[in-house]
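Undergrad: heads up, no residue letters with this:
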């Protein structure tokens, strides 16, 4: 089985880190292929970044011409795009935000999310809500660290994470979710110090993607997630030839 | 006062129609400037289109270099992007989806939305939910007509709208919302036949944008909608020079 | 355009203050007429006052015989009556509670209300809930000052408001709402000190009323807000001749 | 124990009917005293009527000078006022709307309300919501009959009620609530034909009022329902001498 | 009228205490019969205990062969089983959890529950939610004391209860609920010190059970709570002869 | 890896069927061990059965003395007990009800459950609600067939399922969930005829259990799901020696 894991930003180091996390979680027979968008934000921190990222990720998958794959994992925590990818591809699509929440619901009555900047909280709350798993989310807490700062000083990152995690626990969280793909790796240290299970979205998404693919399940085409309609679409200001659908009409 | 009205797709005829609707609603001293994204989908019908549209609209506003403006109206019903625009610009931002719902709430206990294709319903429901105005929405109903089909046969459009509107009324709607920018103009005919007030999102958004601008109110920078952080962002696959923020670092 | 603004209590000084606020917000062509109920409470602080006020405001509008008007603004924050006025008059009706919330939703992801006494909080919460705009309300906070105390010591009022506003911000509010018609005027000072947009319900309601009237929209008669049925109604214990509807029957 | 039962309208025949229903439900040692407001609407059908009724009922209780009583039952289904009465009196207050819902919740997983005119549905829904018992309400259905028409033709009333009740059952109701004080008496016939328990609000409220009084429980004065503040209040247009509180100040 | 009150655990002293509380609340003509399960947990503290208790209570009622009774009170706060008992018996069934909440809703806008161990909070929250009365619950607070520790040191129990009750009040509770059958008796002392009404679930349930029985109301058989289907059921590992329904088939 | 799969009833044929379904879904290295409770109901249909089943399943796991296992799957759709098992065992616990819903949320915007008897609907709704995954459940529909009737006439079962599934689709379901362990096997046929993805709870739970075990995640001991406290517990009427905890005290 091949799983495509898409980074939500253009930072290749981060794709590498995400792919390592995904491989650590994957079953023996699973091949993980990481994709870095050719355009978009260097990191996704806020709504503007998130919408830019969503289009770039869609474009990356749309123009992918590598080996066939069995599932897609979207590795941007709280970022937009998952419903669009569900329309685009014929294999199951799992976003790390929802994935972490799904597993967390199985481990305790209430979970909490620890994320990077406070400004990311709103996106995460909305993403959990529309994914249908917000009910048991006790709180989303920020660490005050930016996405690209996470790797700079591991000690500071762990300390900031622990402080935020304690606030989540005091708000009723019995399980923690790592609210950023760049946090993959923190969970073991943190679990030991806080005694709470810690769910990493990338690992969770890989297991859910494998589960769906193994069971032969994929996105429903009835209702919301139909195949994109054929039409002219221009993917970026000077992106040359427009995509043209079968019945597309020129603007 | 100048209000920028952004079409969510690249179809200029539709921008023209939207601008006409906006001007009809605007106060005497208000200038309406329509913008058509240079890229994006020819029409936004589904999540993939919506995310592509969101990035294109953000890019359009980011690179706008016309006269100063006092407010932005986003004229894509149920489309993504509004929170990103709130981060980007310093003036009030009103999306036609939420605008129509806000006014509809003032006119009856429950409102219903009549939109184009059934697949658009989910996006609209989510958009109303996160905008905070879904509580009194009785139902979102599709007409079965695509965005660009609306103008083809006005009689068929009106008839399909009436049928859908009756379903909305039977589901408890006391007020109707036109769930597509391209429906502007239908409301008078429909109001007469059904006896329900009909709110057009473009007109509603223009009045709300004027209201906020007149009162000197604009988006809060506290919490969710901070200014976008400086960083490298690439707006499209081959979009030449990357934007570089003051403290941006190259990937 | 003429807008009727009704005070919810019998204190004429407060009507004057409200009318000044309304005129400051009104468009050039809008005439604002203030009405003070001939009966009711000297100030509305609590449910008993609120219900007494609702009946008195309805009676005031029912017996109004001045020039024709285009919209009604109900200037009692959190007070009852708006649905009854919607039944009574044929023009749009906007209550300052809902009006402030509608505009606040456009300015941030969550808003908070700062009101007078703590006992007013429940009414406000219920009013926002039934108006359909409670979803994004982070909190309603009291200042501990009564309605008629607000004007006594402006310094104390501002200080109490700031303290309460900080509590609202800490609870997640990105936008503040002035939770009492008598607070009109505080917003500028407060906005500067806290850096949050502050919405005044009277100003918000005037703009929304103008918006609806300009767009030719008024309350739906379908479903909830039908015209009051003709019947005998006695408006107060010794109010002489009963109103008699066309098919009214004597008790 | 003495229970005051207040009619919400000025129609004395209806007070009589309500009192008969209340007495049939009361315990042997309970005395039921019916009160008819001296002013207000002949029947409460809609929001305007409901707010007028709320003030009139408050005035009726405020000026009551009969023997001491142990509890108040408010016999207007879906009508306003209960929170104001909770402020006013020192004994427990039970509204028939909430009372019926409380008992209905104990008898099935979902209950339905059958009321008079469709326009009453909104008030009932809001009343159940703020009372905290709407969660298990499957539906509120109208019979199309006005309050004062109920007694005109018992056969038609029963037939209309049965039709509406079947709709409620089909919507998931396992228990029915009689949504109008004037329906007292219908429940036995209906229970037999439909096989569903039928809860009458007046009877339910009497039992709940007795329960609270027997247990020595009364309305909390902490938070929402403090004693009305002393101030000048005028109860109706020409109601002579204003009420003056201890520290009341003249307008 | 005879009311059966079932303890949820096997501790007879606790049954005695519960029965004393029930009798104190019962009307003159009501006979209270206490039942102690022959099996189950010595005290119910947690989900495993609660499910064990539910089966044991059902078995106790299933095999009860005493005098006929008119209602059942289930005296385990937050414990499972009530829906099963509603299927089993033909008389009204009232659980003390829901009963306390129903009465508390009538006494203030928000109520709080003070219970024993923190681990019991989740069960109580779920129980209130499914009973349909969670909307106005401000908070569920633990005292840190186990069920069987409550009687050990009355001073410590009262002190722990007061501390927890203050937290509930600060979270918005205007009324308190005693969240354990073993707390019966605390309410008077606590009400005096905190000035909040305190509802005891056992007393509340007795009054509600009497109310339903007096009004001739019992559980609906439509939909959820049908009579248990005839089939082979074994009540415990070595419970000898299986129950066999009329059309039961042997496994 | 070894996964224990517990049937919720005493019918061994059904355990066999469930185990076959579980094995079909399991990864190559996973051993599935089926357990049939020694007591309890022959089938779980209704709340009484469900609570009896919960205690029996807990007893079965409590007294299990086979080889060590890595996860538990509870194979009773809509049945009680999962939280108690989470307290009891130290490995992850997945209930087929929640498992199916978790995967269904990843496949469409709304899912529907098709179950056996209508009376099972309430339990399923409550189970989904407290598991935190009810938000995107469009509807729970009954087929009218009892649990043990499913196997009697496969044609009738498939036909009843299809009819119910169409109702679910019309109510907005884009994905179907098989709402009974005994339905395992239906999904392929149904998926082909209706074109909707069909999730089988047993398969879903096996994959989720494997996922959690692989990731080293298990139930949080903080807050709700602490280890059962040591105390005397009697598991059934004549179950001989009571279990005695370390500090257990004899009743």
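TA: Right, received. Where do you want to start? Only a predicted model underlies this, so the values are computations on that prediction, with no experimental measurement involved.
Undergrad: who does the host helix or strand of residue A:52 touch, helix- and strand-wise?
TA: If you go by DSSP states H and E, residue A:52 is part of helix A:47-62. With contacts defined as 3 or more C-beta pairs under 8 Å, 6 or more residues apart in numbering or on different chains; DSSP states H and E, the packing partners of helix A:47-62 are strand A:2-7, strand A:40-41, helix A:82-88, helix B:47-62, helix B:82-88, strand B:233-234. Yep, even glycine has a C-beta here, placed from its N, CA and C like the rest.
Undergrad: Pull the number of nearby residues for residue A:183.
TA: Residue A:183 sits with 28 neighbouring residues when counted by other C-beta atoms under 10 Å in any protein chain shown.
Undergrad: Grab the nearest non-local neighbour of residue A:196.
TA: residue A:176 (5.2 Å; C-beta to C-beta, 6 or more residues apart in numbering or on different chains).
Undergrad: How far does the strand or helix carrying that neighbour sit from its chain's centre?
TA: Using DSSP H and E, residue A:176 falls within strand A:175-179. Computed by C-alpha atoms, centre = their mean, to the nearest Å, the chain-centroid distance of strand A:175-179 equals 13 Å.
Undergrad: can you pull the buried residues of the helix or strand following it?
TA: Later in the chain than strand A:175-179, the nearest helix or strand by DSSP H and E is helix A:187-194. Using 16 or more other C-beta atoms under 10 Å in any protein chain shown as the test for burial, helix A:187-194 gives A:187, A:190, A:191, A:194.
Undergrad: Give me the sheet partners of the following helix or strand past the helix holding residue A:52 and which way each runs.
TA: Toward the C-terminus, helix A:47-62 is succeeded by strand A:71-75 as the next helix or strand (DSSP H and E). Next to strand A:71-75 in the sheet, as set by DSSP bridges, lie strand A:2-7 (parallel), strand A:93-95 (parallel).
Undergrad: List the contacts of the first one.
TA: Same thing as strand A:2-7. Under the criterion C-beta atoms under 8 Å, 6 or more residues apart in numbering or on different chains, residues A:14-15, A:18-19, A:22, A:26, A:30-37, A:57, A:60-61, A:64, A:67-76, A:181, A:202, A:206, A:209-210, A:213 lie in contact with strand A:2-7.
Undergrad: still on that earlier bit, now the helix holding residue A:52 against strand A:71-75, angle please.
TA: 160 degrees (axes from the mean of the first three to the mean of the last three C-alpha atoms, to 10 degrees).
Undergrad: gap between helix A:47-62 and the chain center?
TA: 12 Å.
Undergrad: same check, this time on stretch A:30-45
TA: 10 Å.
Undergrad: and it with chain F, contact?
TA: No - Stretch A:30-45 does not reach chain F (C-beta under 8 Å from any C-beta of the partner chain); its nearest approach is 10.9 Å.
Undergrad: do that stretch and chain C meet?
TA: No - Stretch A:30-45 does not reach chain C (C-beta under 8 Å from any C-beta); its nearest approach is 15.9 Å.
Undergrad: re earlier: save the buried residues of helix A:187-194 as TSV, and put in pLDDT and distance to chain E too.
TA: Putting those into TSV (pLDDT from 0 to 100; distance: C-beta to the nearest C-beta, whole Å) gives the following:
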residue	pLDDT	distance to chain E
A:187	78	24
A:190	79	22
A:191	81	21
A:194	88	17
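Undergrad: Which members of those are the farthest-apart pair?
TA: Largest separation among those by C-beta to C-beta: A:187 and A:194, giving 10.4 Å.
Undergrad: picking up where we left off before, how about the helices and strands packed on helix A:47-62, which one is nearest residue C:228?
TA: Of all the helices and strands packed on helix A:47-62, helix B:82-88 comes closest under C-beta to C-beta, at 39.6 Å.
Undergrad: who are the neighbours of that closest one, in terms of helices and strands?
TA: For helix B:82-88, the packing partners by 3+ C-beta pairs under 8 Å, 6+ apart come out as helix A:47-62, helix B:47-62, strand B:71-75, strand B:93-95.
Undergrad: Quick one: those as a markdown table, columns for mean pLDDT, mean neighbour count and distance to residue E:90 too.
TA: Below are the helices and strands packed on helix B:82-88 laid out as a markdown table (pLDDT from 0 to 100; neighbours: other C-beta atoms under 10 Å in any protein chain shown; distance: least, C-beta to C-beta, whole Å):
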| stretch | mean pLDDT | mean neighbour count | distance to residue E:90 |
| --- | --- | --- | --- |
| helix A:47-62 | 98 | 28 | 58 |
| helix B:47-62 | 98 | 28 | 53 |
| strand B:71-75 | 98 | 29 | 61 |
| strand B:93-95 | 98 | 29 | 56 |
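Undergrad: Same list, these, but as JSON lines with distance to residue F:113 please.
TA: Below are the helices and strands packed on helix B:82-88 laid out as JSON lines (distance: least, C-beta to C-beta, whole Å):
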{"stretch": "helix A:47-62", "distance to residue F:113": "31"}
{"stretch": "helix B:47-62", "distance to residue F:113": "25"}
{"stretch": "strand B:71-75", "distance to residue F:113": "37"}
{"stretch": "strand B:93-95", "distance to residue F:113": "35"}
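Undergrad: quick one: low-confidence parts of the stretch 1-150 of chain A?
TA: The stretch 1-150 of chain A contains no residues with pLDDT under 70.
Undergrad: For chain B, give me its nearest residue in chain A.
TA: Evaluated by C-beta to the nearest C-beta, chain A has residue A:236 as its residue closest to chain B, separated by 1.7 Å.
Undergrad: Name the residue of the stretch 101-250 of chain A with the shortest distance to chain C.
TA: The nearest approach of the stretch 101-250 of chain A to chain C comes at residue A:122, 4.9 Å away (C-beta to the nearest C-beta).
Undergrad: That residue contacts residue C:109, correct?
TA: Yes - when contacts are counted by C-beta atoms under 8 Å, residue A:122 is listed as touching residue C:109 (4.9 Å).
Undergrad: Overlap of the contact sets of those two?
TA: Common contacts of residue A:122 and residue C:109 (C-beta under 8 Å, 6+ apart): B:83, B:223, B:224.
Undergrad: show me the contacts for whatever residue of chain A ends up closest to chain D.
TA: Chain A approaches chain D most closely through residue A:135 (14.1 Å), counting by C-beta to the nearest C-beta. When contacts are counted by C-beta under 8 Å, 6+ apart, residue A:135 touches F:129, F:132, F:133, F:134, F:135.
Undergrad: would you turn those into JSON lines with secondary structure?
TA: Converted to JSON lines, those look like this (DSSP: H, G, I helix; E, B strand; the rest coil):
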{"residue": "F:129", "secondary structure": "helix"}
{"residue": "F:132", "secondary structure": "coil"}
{"residue": "F:133", "secondary structure": "coil"}
{"residue": "F:134", "secondary structure": "coil"}
{"residue": "F:135", "secondary structure": "coil"}
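Undergrad: among those residues, which ones are buried?
TA: When neighbours are counted using 16+ other C-beta under 10 Å, the contacts of residue A:135 contain these buried positions: F:129, F:132, F:133, F:134, F:135.
Undergrad: quick check, nearest of the residues you listed to chain E?
TA: Chain E has its nearest neighbour among the buried ones among the contacts of residue A:135 in residue F:129, at 7.0 Å by C-beta to the nearest C-beta.
Undergrad: you'd agree that closest one is up against residue E:129?
TA: Yes - assessed by C-beta under 8 Å, residue F:129 is found in contact with residue E:129 at 7.0 Å.
Undergrad: Thought residue A:120 was touching residue A:142, still the case?
TA: Yes - using C-beta under 8 Å, residue A:142 is in contact with residue A:120, at 6.6 Å.
Undergrad: Distance check, residue A:142 against chain F.
TA: Residue A:142 sits 21 Å away from chain F, going by C-beta to the nearest C-beta, to the nearest Å.
Undergrad: Check the contact between residue A:218 and residue A:90; I expect there is one.
TA: Yes - with contact defined as C-beta under 8 Å, residue A:218 reaches residue A:90; the gap is 6.4 Å.
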